[in-house]
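# the sequence and its predicted three-dimensional model are supplied below.
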Amino acid sequence: MPEINHKPLLGLDASELTALAEGFQQPSYRGKQLFEAIYRKRIESLDEISTLPIEFRKELSGQGYSIRSEEVAGKFKSSDGTARYLIRFPDGQTVETVWMPEGDDGEAGDGSDADIVESARNFGRATICVSSQVGCAVDCRFCLTGLLGVKRNLTAGEIAGQVMAVLRDQQVSPPHDRINLVFMGMGEPFLNYDSFIKAARLLVEGVGIPQSRMTVSTAGIVPRIGDFGEEEIRPKLAISLNASNDEMRTRLMPINRKWDMGQLLEAAKNFPLRNREKVTFEYVLLSEVNDAPEHARELAEKVRGIRAKVNLIAWNPGPGIEFSTPQAERVLRFQRILIDSGTPTFIRRPRGRDIYAACGQLKQTMEAA
Ligand code: SF4
């Protein structure tokens with residue numbers, strides 16, 4: 001691995017790479033060649049970029065440039081095929097990135113015909129769950145990552161680099177292989193907005209993952225939802241809601257004091273959706289806290305009139321957090337009430353629970369392993 005003072009090229013976009021090449025007295029098309037080599041071909045070492053003159057490669061390395069900065073410091077495999085990666089950066093900070101094969105994004109579906117068609121198409125796809133910060137400042141009470149606090153933001157290169165490290169390890173290559181990305185790992189992407197959005201663009205334009213196969217989840221940073229709607233290239237929007245009223249949401253997600261449900265749902269309602277796109281509301285079900293039938297009815301009223309679907313996630317247990325997982329019947333009842341009210345509602349299957357890779361469980365536990 002390069003030394004701590006290295007300068008990674010991964011994270012620079014085509015115009016930045018062009019400016020860099022020109023700074024080395026190279027023709028501007030060398031920038032495009034670098035972009036192709038780094039993102040599309042995913043070449044790992046400057047020495048291997050045969051489209052560039054040897055002298056230019058030597059000059060770049062001589063000045064401390066290298067392609068990437070991250071390394072896979074650990075990998076845990078779950079019995080369900082999920083793999084949890086510990087990715088380490090040169091300053092020693094680590095995040096977790098999760099590979100979920102056979103692709104689903106965890107939705108067990110509502111049993112409709114649309115589901116059956118969907119599951120036929122699912123064959124051979126996989127989802128990567130990506131982190132955006134080291135730790136998280138948002139402090140959702142049901143989340144292990146929240147216990148860490150935030151240590152630092154990731155750069156665009158560190159966000160895109162996680163995806164590229166996992167693609168490399170799994171030996172898959174989009175767009176040929178069908179890869180979905182969910183920016184739902186450690187951190188709140190909208191509190192690291194510029195780097196997140198730049199990484200998403202690099203992954204679309206460079207790596208070739210369609211934006212329609214990417215979803216970002218926010219705990220409800222309302223002003224950023226507005227900005228996000230104006231982006232030309234953007235993933236789909238998911239909002240981590242988890243409550244059916246303000247009192248409950250503030251208890252579970254203190255950020256609700258800053259932007260309450262009224263503001264959040266208004267932002268969702270005004271969000272400029274593309275054809276056939278919906279906002280996803282995520283709702284972690286906590287036994288005897290937010291999983292009662294009256295909560296489902298209250299939620300159904302709240303989301304009425306918004307082009308949305310709801311993903312239900314039965315809470316994944318984690319050490320040091322005092323909640324419990326609801327019974328399956330309660331989860332199904334909650335889903336039924338929402339579906340009957342006209343809201344498409346899915347139950348997400350937990351993935352990788354045994355290796356702490358499931359939603360809200362990412363907490364760098366591998367370091368101790
Ligand atoms: S659920 Fe997401 S936003 Fe909330 S503390 Fe965990 S990582 Fe942060």
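Good, I have the coordinates. Bear in mind the structure is a predicted one, so any value in this text is a computation, not a measurement. Numbering: from 1, shown residues only.

# I figured residue 291 hits residue 328, correct?
No. Applying CB atoms under 8 Å as the test, residue 291 and residue 328 come out as separate, 11.2 Å apart. (C-beta placed from N, C-alpha, C; glycine too.)

# spell out which parts of the stretch 201-350 of the chain neighbour the ligand.
Residues of the stretch 201-350 of the chain lying close to the ligand by CB under 6 Å from any ligand atom are 219, 240.

# try 5 Å this time
The stretch 201-350 of the chain comes close to the ligand at residues residue 219, as judged by CB under 5 Å from any ligand atom.

# domain parsing for the protein?
Annotated domains of the chain cover 7-66, 90-368 [automatic domain parsing].

# ranking those domains by mean pLDDT, which is last?
Comparing mean pLDDT across the domains of the chain, the weakest is domain 90-368, with a mean of 89.

# rewinding a little: pick out whichever of residue 291 and residue 328 has more residues nearby.
Taking residue 291 and residue 328 together and counting by other CB atoms under 10 Å, residue 291 has the greater number of neighbours (22 against 10).

# can I assume the more buried one sits in a strand?
No. Counting by DSSP: H, G, I helix; E, B strand; the rest coil, residue 291 is not part of a strand but coil.

# list the contacts for it?
By CB atoms under 8 Å, 6 or more residues apart in numbering, the residues touching residue 291 are 285, 326, 330, 331, 334.

# give me the beta-bridge partners of residue 128?
Note on residue 128: beta-bridge partners residue 99, residue 181, judged by DSSP bridges.

# then residue 95?
Going by DSSP bridges, residue 95 is paired in beta bridges with residue 87.

# does it touch residue 136 like I think?
No. Using CB under 8 Å, residue 95 makes no contact with residue 136, being 10.5 Å away.

# list residues touching both of these two?
Here residue 95 and residue 136 have 186, 187 as joint contacts, going by CB under 8 Å, 6+ apart.

# please name the nearest non-neighbouring residue to residue 228.
residue 234 (5.9 Å; CB to CB, 6 or more residues apart in numbering).

# okay, now that neighbour: neighbour count?
Counted by other CB under 10 Å, the residues lying close to residue 234 total 19.

# what count of nearby residues applies to the residue of the stretch 201-350 of the chain at minimum distance from the ligand?
Residue nearest to the ligand within the stretch 201-350 of the chain: residue 219 (4.0 Å; CB to the nearest ligand atom). Per other CB under 10 Å, the neighbour tally for residue 219 reads 26.

# and if you look at residue 59?
15.

# quick one: contacts for it?
Per CB under 8 Å, 6+ apart, neighbours of residue 59: residue 24.

# what's next to stretch 16-32, contact-wise?
Stretch 16-32 is contacted from outside by 9, 12, 14, 15, 34, 35, 38, 52, 56, 59, 60, using CB under 8 Å, 6+ apart.

# okay, the residues you listed in JSON lines with distance to residue 179 and secondary structure next?
Shown next, in JSON lines, are the contacts of stretch 16-32 (distance: CB to CB, whole Å; DSSP: H, G, I helix; E, B strand; the rest coil):
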{"residue": "9", "distance to residue 179": "22", "secondary structure": "coil"}
{"residue": "12", "distance to residue 179": "22", "secondary structure": "strand"}
{"residue": "14", "distance to residue 179": "21", "secondary structure": "helix"}
{"residue": "15", "distance to residue 179": "26", "secondary structure": "helix"}
{"residue": "34", "distance to residue 179": "23", "secondary structure": "helix"}
{"residue": "35", "distance to residue 179": "20", "secondary structure": "helix"}
{"residue": "38", "distance to residue 179": "18", "secondary structure": "helix"}
{"residue": "52", "distance to residue 179": "28", "secondary structure": "coil"}
{"residue": "56", "distance to residue 179": "32", "secondary structure": "helix"}
{"residue": "59", "distance to residue 179": "34", "secondary structure": "helix"}
{"residue": "60", "distance to residue 179": "29", "secondary structure": "helix"}
